[in-house]
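Novice: what follows is a protein structure lacking sequence information:
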């Protein structure tokens, strides 16, 4: 147990004075320029990191609190302030990085802190220019508006008011009438705000493309790749991966949904049937929400000594927000970290259902990785890895939970594994569709909303040919499904990471089933490295394959494919 007794809600970080920060930054620059040796520069770096850590923590806490309640005026004001100040702090950071980059002791710094230190700084330099500061501030303002619009969803279904996340959870309800009603309400809500969402998306495309132009590019796409830290693979590799998905995964998913339709006894699997796998419903919890939570905690205690230590820390410091019904709670799930405390924070919607269990276990995988790396790595820059690595922690931990399914679902344990693996496989085509859609939008900024929606619908037909909407749902039939995907609005070009990580998670799960000790050591290696190495080196340390390589998809999915095909024949 930790000796500190703080909790997340008790954390308070005073707002830094921008002028004072600039003065301290200038003093740090002067000290680097006057340093007589590499150790002197390192001393300044560590002191500067302490200053940045306090600022980063303030910005992160404001972000989390706004997520907790988007209707709270104080939280909203703090979140907007943080978004306004963030690019100004980034400007000062880049100025400090410049003097480090030109220091005669650069090689000494690199030797002590690792090759990724200047790699990350170089990307920050390439992504910064003064002209983009007001654009970044406007971008954040629009993103906040998107979150608020979605969080305001209130729909009464089955006699109970539902928020946006609860509405989607009903897509797994055993009663098809309720699923259909929930999906129509989901569609109607998105339609009701689509006018403003179209305006927000149009503005974001133009703002981000202008950012790219200001940095010397034709549009936002090269900037988006840099922001995501993609330097060892580009659009060609991603296109190769999409083609492998079309060849290897889409036909398999068609078979899975055909089998699902027979199992459900329906002529066609509609969009609102896709996440329900059995006529009597998905795996049923053997206890209430509190029981399921207690079992989740016990799972982490039993999985390994490392996860036992982790769950103690998270509970002691109240670092998990799992309320599923709070009014105004942002419709998203994530994990982040408060750097000064080396404290991950999990933001989720846990109601005890199979879907919510899967989601929160994934977020805990992310949190566990940062918990480990923040204790293994010497500097904050290495606490988090790139998203294409971090999502492997998410997806793999979710699959590890299959081995504990009986404690949650009793006789329905097999249903949970089937649901989990089916969801893992069928998600990949959707993931590549979201990625390709974003590329289309940024490459064609003058598309009308109607043209963008048509492009989305064509991608559904390409990657998800099984997807069908009711005849009276014109909004979805005309391409409205993408509006709910927050990553498109909030995190540009963040999505291919999920399909990539899913492929690697399938590799990891095969090892976990056949050689659990080896798999866990690979998982720890992945976590402990954090962001201290590049993408390929990190995969290599965990004995994983770059998913975009020729033949990688067919090889990686083999084990899960076999399990799913056996599952089809048995059910």
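Specialist: Cool, got the structure. Please read all numbers here as calculations on a predicted model, not as lab measurements.
Novice: tell me what the residue most central in space within the chain is bridged to.
Specialist: With distances taken as Cα atoms, centre = their mean, residue 334 lies nearest the centre of the chain, 6.2 Å away. Beta-bridge pairing for residue 334 (DSSP bridges): residue 347.
Novice: state the distance from it to residue 320.
Specialist: 12 Å (Cβ to Cβ, to the nearest Å). For the C-beta atoms, the positions are set from N, CA and C on the backbone; glycine is no exception.
Novice: same question, residue 298
Specialist: 15 Å.
Novice: mind checking how far the nearest residue to residue 118 once chain neighbours are set aside is from residue 100?
Specialist: In space, and not counting its chain neighbours, residue 118 is closest to residue 110: 5.8 Å by Cβ to Cβ, 6 or more residues apart in numbering. Separation of residue 110 from residue 100 (Cβ to Cβ): 10 Å.
Novice: same question, residue 246
Specialist: To residue 100, residue 246 is 45 Å away according to Cβ to Cβ.
Novice: so which of those two has more stuff around it?
Specialist: Using other Cβ atoms under 10 Å as the criterion, residue 246 and residue 100 rank with residue 100 on top: 20 against 15.
Novice: just the mean pLDDT for the helix or strand hosting the more buried one, thanks.
Specialist: Assigned by DSSP states H and E, residue 100 falls within helix 73-101. Taken as a whole, helix 73-101 carries a mean pLDDT of 86.
Novice: so what secondary structure elements neighbour the helix of greatest length in the chain?
Specialist: Assignment by DSSP state H gives helix 176-214 as the longest helix of the chain. Contact analysis of helix 176-214 by 3 or more Cβ pairs under 8 Å, 6 or more residues apart in numbering; DSSP states H and E lists helix 133-151, strand 155-157, helix 164-169, helix 221-227, helix 413-443, helix 449-463, helix 474-477, helix 486-490 as its packing neighbours.
Novice: of the ones you listed, which is nearest residue 203?
Specialist: Nearest of the helices and strands packed on helix 176-214 to residue 203, taken as Cβ to Cβ: helix 133-151 at 5.8 Å.
Novice: give me the contact list for the closest one.
Specialist: Helix 133-151 is contacted by residues 66-67, 70-71, 76, 79-80, 83-84, 86-88, 91, 163-164, 193, 196-197, 200, 203-204, 207-208, 210-211, 214, 328-332, 484, 486, 489-490 when judged by Cβ atoms under 8 Å, 6 or more residues apart in numbering.
Novice: any quick PyMOL command for the buried ones out of those residues?
Specialist: Here the buried members of the contacts of helix 133-151 are turned into a PyMOL selection, burial being counted by 16 or more other Cβ atoms under 10 Å:
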select buried, resi 66+67+70+76+79+80+83+86+87+91+163+164+193+197+200+204+207+208+210+211+328+329+330+331+332+484+486+489+490
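Novice: circling back: helices or strands next to the helix holding residue 100 in the packing?
Specialist: Packing contacts for helix 73-101, counted by 3+ Cβ pairs under 8 Å, 6+ apart, involve helix 18-34, helix 38-68, helix 116-126, helix 133-151.
Novice: before we move on, what SS does residue 344 have?
Specialist: Three-state assignment for residue 344 (DSSP: H, G, I helix; E, B strand; the rest coil): strand.
Novice: with adjacent residues omitted, what lies nearest to it?
Specialist: Nearest to residue 344 is residue 367, by Cβ to Cβ, 6+ apart, at 3.5 Å.
Novice: over to residue 88?
Specialist: Residue 88 sits nearest to residue 18 (Cβ to Cβ, 6+ apart), 6.0 Å away.
Novice: next one: phi and psi at residue 338?
Specialist: Backbone torsions for residue 338, taken as degrees, to the nearest 10, come to phi -100, psi 100.
Novice: surely it is in contact with residue 57?
Specialist: Yes: proximity of residue 338 to residue 57 meets the contact threshold set by Cβ atoms under 8 Å, at 5.2 Å.
Novice: okay, now the unreliable bits of this protein?
Specialist: For the chain, the stretches with pLDDT under 70 are 1-3, 570-571.
Novice: circling back to that earlier point, out of the helices and strands packed on helix 73-101, which comes closest to residue 379?
Specialist: Proximity of those to residue 379 was assessed by Cβ to Cβ; the nearest stretch is helix 38-68, lying at 6.2 Å.
Novice: how distant is the closest one from the center of its chain?
Specialist: Computed by Cα atoms, centre = their mean, to the nearest Å, the chain-centroid distance of helix 38-68 equals 22 Å.
Novice: swap in stretch 386-394?
Specialist: Its chain's C-alpha centre and that of stretch 386-394 lie 8 Å apart, by Cα atoms, centre = their mean.
Novice: name the residues that touch it?
Specialist: Applying Cβ under 8 Å, 6+ apart, the contact partners of stretch 386-394 are 228-230, 362-363, 365-366, 368-369, 384, 494, 496-498, 500-502, 504-505, 508, 523, 526-527, 531, 535, 538-539, 542, 544.
Novice: burial of residue 523, as a residue count?
Specialist: The burial count for residue 523: 25, using other Cβ under 10 Å.
Novice: with residue 73 instead?
Specialist: Residue 73: 8 surrounding residues under other Cβ under 10 Å.
Novice: repeat that for the one 5 residues further on.
Specialist: Around residue 78 sit 19 other residues, with neighbours defined as other Cβ under 10 Å.
Novice: could I get the contacting residues of it?
Specialist: Shown in contact with residue 78 (Cβ under 8 Å, 6+ apart): 62, 65, 66.
Novice: now render those as TSV, adding distance to residue 13.
Specialist: Converted to TSV, the contacts of residue 78 look like this (distance: Cβ to Cβ, whole Å):
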residue	distance to residue 13
62	9
65	11
66	15
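Novice: between these, which is nearest residue 262?
Specialist: When these are compared for distance to residue 262 (Cβ to Cβ), residue 66 wins out at 45.7 Å.
Novice: could you measure the closest one against residue 266, distance?
Specialist: For residue 66, the distance to residue 266 equals 41 Å [Cβ to Cβ].
Novice: what's the spacing between residue 146 and residue 119?
Specialist: 32 Å.
Novice: likewise residue 185?
Specialist: Taking Cβ to Cβ as the measure, residue 185 falls 47 Å from residue 119.
Novice: repeat for residue 212
Specialist: 21 Å.
Novice: again with residue 149
Specialist: 37 Å.
Novice: pick out whichever of those two has more residues nearby.
Specialist: Set residue 149 next to residue 119 and count neighbours by other Cβ under 10 Å: residue 149 wins out with 20 against 16.
Novice: relative to residue 266, how far out is the more buried one?
Specialist: Per Cβ to Cβ, residue 149 is found 33 Å from residue 266.
Novice: ok, the residue found closest to residue 130 once you drop the neighbours it is linked to in the chain to residue 25 distance?
Specialist: Nearest non-adjacent residue to residue 130, counting by Cβ to Cβ, 6+ apart: residue 91, 7.3 Å away. From residue 91 across to residue 25, the span is 9 Å (Cβ to Cβ).
Novice: got it, and residue 477?
Specialist: From residue 477 across to residue 25, the span is 54 Å (Cβ to Cβ).
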